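In: Take this sequence and fold it.
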Amino acid sequence: MGDDKRWLKVGVPVTGVLLAAIGLLYASGIIAPFGKTGYIERADAACAKHRPALAALGPDPRSAGSHVFYAHLQRVVVVMRAAHRDWGKIKVPPGIASSVRDAYASTDTAIRLYEESVEEARRGDRAKADAYLQDANKQGQLAFTKSRTAGLNVCPIGF
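Out: As a prediction, the model looks like this:
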């Protein structure tokens, strides 16, 4: 009987400390599947499922003229937006939330700029369309860099 009480004095606190440590590891994003590794796998899978649709659109037809290019870009933007939306459905673990939110927001900004570029081209204002396109390309590169820094390997797609 005496040994049982001694175990309770030592075992319960040790168990509590272990459970707390495991909880911290999950919350910080170190342990998969709910941590950083699991998040990256799920987010990249969500984006990767849109790669075939993007590939089916073919290469950038910039040399075919602005009308053809902007029509192509409009189709690309639809795929990018769908992949971005699916990426956003994945719950981000607290340990990487800040860097992922930053990458996600930069991606959203880039896509919005591409959408504006397409809209201006549709209206016939090539100068504005091209200006938005330049800004979108810069923001897209920033989004790509931030995503890789956050640990993502596939998201965002289309950049």
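
In: ranges for the helices of this protein?
Out: In the chain, the helices defined using DSSP state H lie at 2-27, 36-48, 51-56, 66-88, 97-123, 126-149.

In: For those helices, please prepare CSV with the additional fields mean neighbour count.
Out: For the C-beta atoms, the positions are set from N, CA and C on the backbone; glycine is no exception. Shown next, in CSV, are the helices of the chain (neighbours: other C-beta atoms under 10 Å):
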stretch, mean neighbour count
helix 2-27, 10
helix 36-48, 19
helix 51-56, 12
helix 66-88, 18
helix 97-123, 19
helix 126-149, 17
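
In: could you dump the ones you listed to CSV with distance to residue 159?
Out: Formatted as CSV, those follow (distance: least, C-beta to C-beta, whole Å):
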stretch, distance to residue 159
helix 2-27, 30
helix 36-48, 11
helix 51-56, 11
helix 66-88, 8
helix 97-123, 7
helix 126-149, 4
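
In: Could you dump these into JSON lines and include mean pLDDT and distance to residue 155?
Out: Shown next, in JSON lines, are the helices of the chain (pLDDT from 0 to 100; distance: least, C-beta to C-beta, whole Å):
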{"stretch": "helix 2-27", "mean pLDDT": "61", "distance to residue 155": "22"}
{"stretch": "helix 36-48", "mean pLDDT": "95", "distance to residue 155": "4"}
{"stretch": "helix 51-56", "mean pLDDT": "95", "distance to residue 155": "11"}
{"stretch": "helix 66-88", "mean pLDDT": "94", "distance to residue 155": "5"}
{"stretch": "helix 97-123", "mean pLDDT": "96", "distance to residue 155": "8"}
{"stretch": "helix 126-149", "mean pLDDT": "96", "distance to residue 155": "6"}
